[in-house]
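S.K.: here you go, sequence then predicted model.
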Amino acid sequence: MSAEIQKEENRFFVNDEEGNMAAEITFVPSGESQVTIDHTYVSDSLRGQGIAGKLVESVVQEARGKGFKIVPVCSYAKVVFDRKSEYQDVLAK
């Protein structure tokens, strides 16, 4: 399956072939220039394909483009931010 990441307000997501949501990451504004990643989900059919990492990367790119910082609250996002030094520029201190 080709996972095309789509965007809606405060979320990025991937639909399956039937148009059902198969993966998503959600974030909420927290202050004027900060967002909190509060949820990441990937269905069993997409697990192991790096989709969750691509969803986090989508939020990082959005934050960089808008000059926002990110607070990773969801456990998956926390792990990604701990492991990826290249995301430290958007990590809220």
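M.R.: Looks like it came in fine. Numbers count the residues shown, from 1 in each chain.
S.K.: and G48, how many neighbours does it have?
M.R.: Neighbourhood size, G48 [other CB atoms under 10 Å]: 9. Where C-beta positions appear, they are placed from N, C-alpha and C, glycine not excepted.
S.K.: what does E8 give?
M.R.: 9.
S.K.: can you give me the distance of it to A77?
M.R.: E8 is 18 Å from A77, where distance means CB to CB, to the nearest Å.
S.K.: specify the local secondary structure of G31.
M.R.: Under DSSP: H, G, I helix; E, B strand; the rest coil, the three-state class of G31 is coil.
S.K.: could you measure from it over to G65?
M.R.: Relative to G65, G31 is positioned 18 Å away (CB to CB).
S.K.: higher neighbour count, the two?
M.R.: Ranked by neighbour count (other CB under 10 Å), G31 and G65 place G31 first, with 11 against 8.
S.K.: against V73, how distant is that one?
M.R.: Distance of G31 to V73, given as CB to CB: 14 Å.
S.K.: go on, S30?
M.R.: For S30, the distance to V73 (CB to CB) stands at 9 Å.
S.K.: before we move on, what about V42?
M.R.: Here V42 is placed at a distance of 17 Å from V73 (CB to CB).
S.K.: which of these two has more neighbours?
M.R.: A direct count of neighbours by other CB under 10 Å for V42 and V73 places V42 higher, at 22 against 14.
S.K.: just to revisit the earlier point, between S30 and V73, what contacts are shared?
M.R.: T36 (CB atoms under 8 Å, 6 or more residues apart in numbering).
S.K.: okay, now I25: neighbour count?
M.R.: Neighbour tally, I25, other CB under 10 Å: 27.
S.K.: what's near enough to touch it?
M.R.: I25 makes contacts with 11-13, 37, 39-41, 52, 55-56, 58-59, 74, 77, as judged by CB under 8 Å, 6+ apart.
S.K.: going through these, which ones are buried?
M.R.: Those of the contacts of I25 that meet the buried threshold are 11-13, 37, 40-41, 52, 55-56, 58-59, 74, 77, by 16 or more other CB atoms under 10 Å.
S.K.: now render these as CSV, adding distance to G19, pLDDT and secondary structure.
M.R.: Output for the buried ones among the contacts of I25, formatted as CSV (distance: CB to CB, whole Å; pLDDT from 0 to 100; DSSP: H, G, I helix; E, B strand; the rest coil):
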residue, distance to G19, pLDDT, secondary structure
R11, 16, 98, strand
F12, 16, 99, strand
F13, 11, 98, strand
I37, 25, 99, strand
T40, 21, 98, strand
Y41, 17, 98, strand
A52, 20, 97, helix
L55, 18, 98, helix
V56, 23, 98, helix
S58, 20, 98, helix
V59, 23, 98, helix
C74, 25, 97, coil
A77, 26, 98, helix
